[in-house]
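Participant: structural data only, the sequence is not supplied:
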């Protein structure tokens, strides 16, 4: 299937956000790297950088959610699934020279108090991840009221570990945060038993 | 004691970084808000924005470390101390309309792959926090090899919770991450007993 100009712009912008954030990514840089004519941005995204940012946040959020679901679904049990998630994240950090991690965290922190439409897009993604995680943990036997908490622990642990691991260029925080998430998940499963 | 122009510039820059990040904060904005003449930036920080950024990161990191030590030191026991840390963080988020949280996280994510001197400054702060936390947990009875892990869990939990809480404008992630940190701390103390 041919990749459209629109998709190329979205993919390139997502990649640039991961490396330079929202403020640090310019429209000229996007069209240059996407090999698209400058006018194509406003053709496909009449609202300019803000509309493009919103679509990238929601699209990247959806893609990462699918990736999470695939990893968890392919694992023999939920504890192994959570371990595999963190191991995959550590591997991705090493492979990308600590650039790729969460596609929306940098933007989320940048816009939290300066751009309300973009903040709402990041909130929508996080809420979607929490609900998907909660459903997954509930079906693995974690009681309903605890399932949401474990999902929040998983996502906050991963996000916080990305901050430290990228800064320190070391996967130790991802490894340790992964173990702590497994401890929280096991405690929730034990309470249920 | 009179606040010097240099300190006013550092304080203002730290505040702007928390709200707009490194890339989103301009030198003109800094001097305007600090009520300082434009030339004073290059007078006090000959390396310009990058030098100012480095000093703000290291200074803010040191100030937050002191705040953490004060809160933990004033608590009757280490578990209560950790609870108080997260409750204080949730209160700060509410009071500041979800603006103030970690003084260096936004910058850390922005510069991780784009500015090596600033990345190294953020890594130095995180490593300092981990070592201070590890020493504190060790003196509270957590075995040496586990003390560093618990410190990493505390900091990654707090950082990840800030990302979600600021985006969602809700302190739920900070509360849940705090409880998970307490679970990890208690497990480490139990292992020691």
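Facilitator: Yep, it's here. The structure displayed is predicted, hence computed values, not measured ones.

Participant: three-state assignment of residue A:114?
Facilitator: Classification of residue A:114 using DSSP: H, G, I helix; E, B strand; the rest coil returns coil.

Participant: so who does it touch?
Facilitator: With contact set as C-beta atoms under 8 Å, 6 or more residues apart in numbering or on different chains, residue A:114 has these partners: B:19, B:20, B:24. C-beta here means a position set from N, CA and C on the backbone, and glycine is covered the same way.

Participant: gap between residue A:106 and residue B:112?
Facilitator: 9 Å (C-beta to C-beta, to the nearest Å).

Participant: neighbour-wise, which of those two wins?
Facilitator: Neighbours were counted for residue A:106 and for residue B:112 using other C-beta atoms under 10 Å in any protein chain shown; residue A:106 has more, 32 against 29.

Participant: quick check: what element follows whichever strand or helix holds the more buried one along the chain?
Facilitator: Secondary structure assignment for residue A:106, by DSSP states H and E: helix A:105-111. Going down the chain from helix A:105-111, the next helix or strand is helix A:116-139, by DSSP H and E.

Participant: buried sites along that following helix?
Facilitator: Going by neighbour count (16 or more other C-beta atoms under 10 Å in any protein chain shown), the buried part of helix A:116-139 is A:118-126, A:129-130, A:132-134, A:136-138.

Participant: filter those down to the ones close to chain B.
Facilitator: Restricting those to those touching chain B (C-beta under 8 Å from any C-beta of the partner chain) yields A:119, A:122, A:123, A:126.

Participant: could you save those as TSV and add columns showing pLDDT and distance to residue B:181?
Facilitator: Below are these laid out as TSV (pLDDT from 0 to 100; distance: C-beta to C-beta, whole Å):
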residue	pLDDT	distance to residue B:181
A:119	97	26
A:122	97	24
A:123	98	23
A:126	98	19
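
Participant: quick one: the helices in chain A, in order.
Facilitator: A:5-20, A:27-34, A:39-44, A:48-74, A:78-95, A:105-111, A:116-139, A:144-168, A:172-192 (DSSP state H).

Participant: what's the neighbour count on the closest residue to residue A:81 other than its chain neighbours?
Facilitator: Spatial nearest neighbour of residue A:81, chain neighbours left out: residue A:75 (3.4 Å); criterion: C-beta to C-beta, 6 or more residues apart in numbering or on different chains. Burial measure for residue A:75: 15 neighbouring residues, criterion other C-beta under 10 Å.

Participant: just residue A:164 next, same as before
Facilitator: 28.

Participant: do you know how far it is from residue A:28?
Facilitator: Counting by C-beta to C-beta, the gap from residue A:164 to residue A:28 is 32 Å.

Participant: what does residue A:22 give?
Facilitator: 15 Å.

Participant: who has more neighbours, those two?
Facilitator: residue A:22 (28 against 10).

Participant: ok, that one - contacts?
Facilitator: So residue A:22 contacts A:53, A:106, A:107, A:110, A:111, A:115, A:118 (C-beta under 8 Å, 6+ apart).

Participant: turn the residues you listed into CSV, including pLDDT.
Facilitator: Shown next, in CSV, are the contacts of residue A:22 (pLDDT from 0 to 100):
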residue, pLDDT
A:53, 96
A:106, 91
A:107, 93
A:110, 91
A:111, 92
A:115, 94
A:118, 97
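
Participant: ok, so of the residues you listed, who is nearest residue A:39?
Facilitator: residue A:53 (18.6 Å; C-beta to C-beta).

Participant: hang on, isn't residue A:105 packed against residue B:108?
Facilitator: No - at 10.4 Å, residue A:105 does not count as touching residue B:108 under the criterion of C-beta atoms under 8 Å.

Participant: joint contacts of those two?
Facilitator: residue A:163.

Participant: how close does the residue nearest the centre of chain A get to residue A:42?
Facilitator: With distances taken as C-alpha atoms, centre = their mean, the residue of chain A nearest its centroid is residue A:102 (3.8 Å). Shown here: residue A:102 relative to residue A:42, a distance of 28 Å by C-beta to C-beta.

Participant: same thing with residue A:177?
Facilitator: To residue A:42, residue A:177 is 41 Å away according to C-beta to C-beta.

Participant: same question for residue A:173.
Facilitator: Relative to residue A:42, residue A:173 is positioned 41 Å away (C-beta to C-beta).

Participant: more neighbours, the two?
Facilitator: residue A:173 (28 against 13).

Participant: which residue, other than its chain neighbours, is closest to the more buried one?
Facilitator: Leaving aside its sequence neighbours, residue A:173 sits nearest to residue A:164 (C-beta to C-beta, 6+ apart; 3.9 Å).

Participant: just checking, that neighbour touches residue B:155?
Facilitator: Yes - if you go by C-beta under 8 Å, residue A:164 and residue B:155 touch, sitting 6.5 Å apart.

Participant: can you work out which residues contact both of these two?
Facilitator: In contact with both residue A:164 and residue B:155: A:173, B:126, using C-beta under 8 Å, 6+ apart.

Participant: residue A:192 against residue A:140, yeah?
Facilitator: No - using C-beta under 8 Å, residue A:192 is not in contact with residue A:140, being 9.6 Å away.

Participant: more neighbours, these two?
Facilitator: Ranked by neighbour count (other C-beta under 10 Å), residue A:192 and residue A:140 place residue A:140 first, with 19 against 13.

Participant: which residues does the more buried one contact?
Facilitator: Here residue A:140 is in contact with A:77, A:78, A:189 (criterion: C-beta under 8 Å, 6+ apart).

Participant: gap between it and chain B?
Facilitator: Distance of residue A:140 to chain B, computed by C-beta to the nearest C-beta, to the nearest Å: 18 Å.

Participant: same check on residue A:166?
Facilitator: For residue A:166 relative to chain B (C-beta to the nearest C-beta), the value is 4 Å.

Participant: name the nearest residue to that residue, sequence neighbours excluded.
Facilitator: Once flanking residues are discounted, residue A:166 sits nearest to residue B:112: 3.9 Å by C-beta to C-beta, 6+ apart.
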